[in-house]
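Student: Generate coordinates for the sequence data below:
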Amino acid sequence: MTDLINGLYREGEPIQDTKAPGGPIEQRWTKRRFEAKLVNPANRRKLTVIVVGTGLAGGAACATLGEAGYNVKAFCYQDSPRRAHSIAAQGGINAAKNYKEDGDSVYRLFYDTVKGGDYRARENNVYRLAEISPNIIDQCVAQGVPFAREYGGLLDNRSFGGVQVSRTFYARGQTGQQLLIGAYQALERQVKGPDNPAGTVEMFARHEMVELVIVDGRARGIIARDMSTGEIQTHLADAVVLASGGYGNVFFLSTNAMGCNTTATWRAHRKGAYFGNPCYTQIHPTCIPVAGDQQSKLTLMSESLRNDGRIWVPKRAEDCTKDPRQIPEEDRDYYLERIYPSFGNLVPRDIASRQAKNMCDEGRGVGNELLEVGPDGTERRVRRGVYLDFVEAIQRMGKAAVEAKYGNLFDMYAEITGEDPYQTPMRIYPAVHYTMGGLWVDYDLESSIPGLFVSGEANFSDHGANRLGASALMQGLSDGYFVLPNTIRDYLASGPYPAVDSHHPAVVEAQENVKARINHFLSTGGTRSADSYHKELGQIMWEYCGMERTEPGLKTAIAKIRDLRKDFWSNVRVLGKADELNQSLEKAGRVADFLELGELMCIDALHRRESCGGHFRAESQTEDGEALRHDDEFCYVAAWEWGGENEAPILHKEPLVYEFIELKQRSYK
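Tutor: This is a model prediction of the structure:
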């Protein structure tokens, strides 16, 4: 291990994914499934798997493992799996079916995803995702998911950013909801209850994982808090699966549900699970702009709107206060179509977001003026919004056709803003939406802790530095239905593992740590709420580790976060008691983890002195302002190890090797 680097971190030994087989890439997943050990049906009944999170990745895994005959304990903090944040996904799910006969293929989906991620994803994982994608659609259709269909009855497709084919299957603007209902009904079939005594899944709603249990170096269970009663419970198993989603709420304002948090993954990280590429966060270009400083959440407007909507700003700053309908065509700047003629409004999300910021920084933003404080402390008033206009689409297709494709999205926009998007262009601006970083996993989705598997957005594996639109649902269902059930059996084949009870020293230690943490929060008696700390952290993260990052800014952010975290632990005020419903206590635990994660994100962003995808370092850009990678220095996964309380994190590098795609600077022009 090296000495302290820049006073912030140490570098450990390099790592690599040892589970991925060699040979032709199109045969590797088949080869791995064959090589993975089997568990016969009688032995599956002796094995127990804990799954934390019941969205698309977790719900699909529970349903599939339960149907296979394993005993499954499923945990979610919502009152029902149907309320998982997966339900909020709008635009669609990608699959290489080539129904449009427009040149799509498994290889093209593989290529588009690697390129879209700015060549910072593993080839093996991405190819497997593309290979599995057609099976996902077949699975969901068999479940009854009501995908949109053409007049003749065939499944319809539309385009999303970063591609030039139509491969996105959708259900109006409610695709996530419909897919989640499919996974939910598959899960419910396996849930044990009075009407289903033979069920294999035990459901624990309104339970939050607050600690991971490690016994003899293996993940063997979790400590969970019953959110209704406050009871601290111990649950043990042969393996643990985390499918708890991403950490976008570290920014406070995001499109994520307000309950989304990083506690499950961060607790695992503190127990030894490496955290991969934490600085890779996605800013979605089409969200309803911030309305004021009392706002607690932002709203996504689907990327699918960029199929037919045109994005523009006034050419002159003095026109920004005018009614957009009064600005003539020759005074409008359709800047994405101008700068990127090959892809137009369907450039990848990171590019569309940065250009929207650039337009507003030039003084050509629209909407209400907001007071901003710059990194140097100076205040200025800026309009943060651009137009998404459907006038041309309505003229071309007719209002009825636009309403059929996007009606619920238009209704949602009108309900929130009070404006009619059929008459007036929508106002949109980028917002935090997704995190490509997550717990490091190998080809089997196993973390650096044996027996701890991570699926969906909670892991880092498939999207590199930028996720293409409609690929989150694809990864979640791929991991849950097809990948995890085929890889976890290789680990479970060596079980059942030695029995562990609640009196084991490692279990008792985990329980005591949880109780001590809760007692600290309740006894501090400070003056500030957890929400106030969360909001201040979000402002720091957005200002210094948001769409544009600089070395001085990131160093400032790290110092500010450390001061904020120190104050939090001595001055947070948590009302109520431990043994009752206590949302203040829940928030305090989540914010404590966000504060530690935020610092690691900034350290990761500081160490990666290049721009790639959603990670844009102002010091590393081309002459025309595009992201400039440095493959000779940074073509690796940054896997961070917890260094200990108040100790520096340890960086492990996993080199990225490209055998089937040529490394080159991205261009969408």
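
Student: what's across from Ile50 in the sheet?
Tutor: Here Ile50 shows beta-bridge partners Lys73, Val240, assigned using DSSP bridges.

Student: what residues are up against it?
Tutor: Contact analysis of Ile50 by C-beta atoms under 8 Å, 6 or more residues apart in numbering lists Val72, Lys73, Phe75, Gly221, Ile222, His235, Ala237, Ala239, Val240, Val241. Yep, even glycine has a C-beta here, placed from its N, CA and C like the rest.

Student: same thing but at 7 Å, please
Tutor: Residues in contact with Ile50 (C-beta atoms under 7 Å, 6 or more residues apart in numbering) are Lys73, Gly221, Ile222, His235, Ala237, Val240, Val241.

Student: Tell me the one of these nearest Val373?
Tutor: Using C-beta to C-beta, the shortest approach to Val373 within these belongs to Ile222, at 40.8 Å.

Student: I'd like to know how many residues surround that closest one.
Tutor: 27 (other C-beta atoms under 10 Å).

Student: Tell me the most packed of the contacts of Ile50, by neighbour count.
Tutor: Ranked by neighbour count under the definition other C-beta under 10 Å, those are headed by Val241 with 32 neighbours.

Student: How is this protein divided into domains?
Tutor: Per automatic domain parsing, the structural domains of the chain span 285-432, 505-655.

Student: can you put those in JSON lines and add distance to Ala171 and mean pLDDT?
Tutor: Compiled in JSON lines, those are given as follows (distance: least, C-beta to C-beta, whole Å; pLDDT from 0 to 100):
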{"stretch": "domain 285-432", "distance to Ala171": "10", "mean pLDDT": "94"}
{"stretch": "domain 505-655", "distance to Ala171": "27", "mean pLDDT": "97"}
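
Student: for the ones you listed, which one sits closest to Gly469?
Tutor: Ranking these by their distance to Gly469 (criterion: C-beta to C-beta) puts domain 285-432 first, at 4.1 Å.

Student: measure the closest one end to end?
Tutor: From the first residue to the last, domain 285-432 extends over 9 Å; the measure is C-alpha to C-alpha, to the nearest Å.

Student: Leaving out chain neighbours, which residue sits closest to Lys587?
Tutor: Excluding the flanking residues, the one nearest Lys587 by C-beta to C-beta, 6 or more residues apart in numbering is Ala530, at 4.2 Å.

Student: pretty sure that neighbour contacts Val591?
Tutor: Yes. Shown here, Ala530 and Val591 form a contact pair, counting by C-beta atoms under 7 Å, at 4.6 Å.

Student: Compare those two (neighbour count), which wins?
Tutor: Neighbour count, other C-beta under 10 Å: between Ala530 and Val591, Val591 has more, with 26 against 23.

Student: what's the helix or strand for the more buried one?
Tutor: Under DSSP states H and E, the secondary-structure element containing Val591 is helix 583-607.

Student: now swap in Ser570 and tell me
Tutor: helix 551-571.

Student: wait, is Leu38 part of a strand?
Tutor: No. The secondary structure assignment for Leu38 gives coil rather than a strand, going by DSSP: H, G, I helix; E, B strand; the rest coil.

Student: Could you tell me how many residues sit around it?
Tutor: Leu38 sits with 11 neighbouring residues when counted by other C-beta under 10 Å.

Student: doesn't Arg489 make contact with it?
Tutor: Yes. Checked against C-beta under 7 Å, the pair Leu38 and Arg489 is within contact range at 6.4 Å.

Student: circling back: ok, the contacts of Ile50 vs Gln143, which is closest?
Tutor: Using C-beta to C-beta, Val241 is the member of the contacts of Ile50 that sits closest to Gln143, with 21.1 Å.

Student: you'd agree that closest one is up against Phe453?
Tutor: Yes. Between Val241 and Phe453 there is a contact under C-beta under 7 Å: 4.7 Å.

Student: Give me the common contacts of those two.
Tutor: With C-beta under 7 Å, 6+ apart as the test, Val241 and Phe453 both reach Leu484.

Student: Start and end of stretch 283-292, how far apart?
Tutor: Where stretch 283-292 starts and where it finishes are 19 Å apart, if you go by C-alpha to C-alpha.

Student: Okay, buried residues for that stretch please.
Tutor: The neighbour-count criterion (16 or more other C-beta atoms under 10 Å) identifies Ile283, His284, Pro285, Thr286, Cys287, Ile288, Pro289, Val290 as the buried residues of stretch 283-292.

Student: With stretch 444-461 instead?
Tutor: By neighbour count with 16+ other C-beta under 10 Å, stretch 444-461 contains the buried residues 444-449, 451-461.

Student: now swap in stretch 13-32 and tell me
Tutor: Residues of stretch 13-32 classed as buried: Ile15, Asp17, Lys19, Ala20, Pro21, Ile25, Arg28, Trp29, Arg32 (neighbour count, 16+ other C-beta under 10 Å).

Student: Which residues does it contact?
Tutor: Stretch 13-32 is contacted from outside by 35, 122-124, 127-128, 131, 442-444, 639, 652-655, 660, using C-beta under 7 Å, 6+ apart.

Student: now that stretch, how far from the chain's geometric center?
Tutor: 24 Å (C-alpha atoms, centre = their mean, to the nearest Å).

Student: going forward can the numbers begin at 20, since that is how I track them
Tutor: Let's use 20 as the start, then, which means that last one is stretch 32-51.

Student: With just CA atoms, put it into PDB.
Tutor: In PDB, the C-alpha atoms belonging to stretch 32-51 read as follows (Å, rounded to 0.1, in the frame of the first residue of the first chain):
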ATOM      1  CA  GLU A  32      -3.100  -3.600  -4.900                       C
ATOM      2  CA  PRO A  33      -4.800  -3.800  -8.300                       C
ATOM      3  CA  ILE A  34      -7.700  -6.100  -8.700                       C
ATOM      4  CA  GLN A  35      -9.400  -8.000 -11.600                       C
ATOM      5  CA  ASP A  36     -12.600  -9.800 -12.300                       C
ATOM      6  CA  THR A  37     -11.600 -13.500 -12.100                       C
ATOM      7  CA  LYS A  38     -15.000 -14.900 -12.900                       C
ATOM      8  CA  ALA A  39     -15.400 -13.800 -16.500                       C
ATOM      9  CA  PRO A  40     -14.400 -16.600 -18.900                       C
ATOM     10  CA  GLY A  41     -12.200 -16.100 -22.000                       C
ATOM     11  CA  GLY A  42     -12.900 -17.000 -25.600                       C
ATOM     12  CA  PRO A  43     -15.300 -15.300 -28.100                       C
ATOM     13  CA  ILE A  44     -17.300 -12.700 -26.300                       C
ATOM     14  CA  GLU A  45     -20.600 -14.100 -27.700                       C
ATOM     15  CA  GLN A  46     -19.900 -17.400 -26.000                       C
ATOM     16  CA  ARG A  47     -18.700 -16.200 -22.600                       C
ATOM     17  CA  TRP A  48     -22.100 -16.000 -20.800                       C
ATOM     18  CA  THR A  49     -23.100 -19.400 -22.100                       C
ATOM     19  CA  LYS A  50     -19.700 -20.800 -20.900                       C
ATOM     20  CA  ARG A  51     -20.100 -19.200 -17.500                       C
END
